[in-house]
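Asker: Pasting the sequence and the predicted model now:
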Amino acid sequence: MVIKGSSRVLVKDGRIDEEALRAAHMSDRDLWEELRSKSISDLNEVAEARLERSGNLSVIKAKREPKIVEIAVADGVQTVRVEIA
């Protein structure tokens, strides 16, 4: 089912748009339930969450910088650098 109108951005760059949430008749709990169903546990993981005309929540995940770990193996041996995506 498609509803007339346009989609509504509820989260942008990890920040909830409280006004848009109220206009969509959603509570913070409703939003978090939808985010958890998409394996999101932290708003910093969200680039954009949009309530579509169908009533579904679309989420674009934020691109994360890889974690870099440097491990010194032993004296005189080159340091190993590992990037974790």
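Answerer: That came in fine, so what should we check first?

Asker: what are the ranges of the strands in this structure?
Answerer: 8-12, 15-16, 46-51, 57-61, 67-71, 80-84 (DSSP state E).

Asker: Export the ones you listed as TSV, with columns for distance to Ala23, mean neighbour count and mean pLDDT.
Answerer: In short, each C-beta sits where N, CA and C put it, glycine included. Output for the strands of the chain, formatted as TSV (distance: least, CB to CB, whole Å; neighbours: other CB atoms under 10 Å; pLDDT from 0 to 100):
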stretch	distance to Ala23	mean neighbour count	mean pLDDT
strand 8-12	7	18	96
strand 15-16	13	13	96
strand 46-51	10	19	96
strand 57-61	15	16	95
strand 67-71	37	9	74
strand 80-84	39	9	70
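
Asker: In TSV: these, plus distance to Ala24.
Answerer: Putting these into TSV (distance: least, CB to CB, whole Å) gives the following:
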stretch	distance to Ala24
strand 8-12	6
strand 15-16	11
strand 46-51	5
strand 57-61	10
strand 67-71	35
strand 80-84	36
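
Asker: quick one, which of the ones you listed is nearest to Glu34?
Answerer: Closest approach to Glu34 among the strands of the chain (CB to CB): strand 57-61, 4.2 Å.

Asker: Check which strands are paired with that closest one and give the direction for each one.
Answerer: Sheet pairing for strand 57-61, assigned by DSSP bridges, gives strand 46-51 (antiparallel).

Asker: Contacts for the partner strand, please.
Answerer: Residues outside strand 46-51 that contact it (CB atoms under 8 Å, 6 or more residues apart in numbering) are 7-14, 20, 24, 26, 31, 34-35, 40, 57-63.
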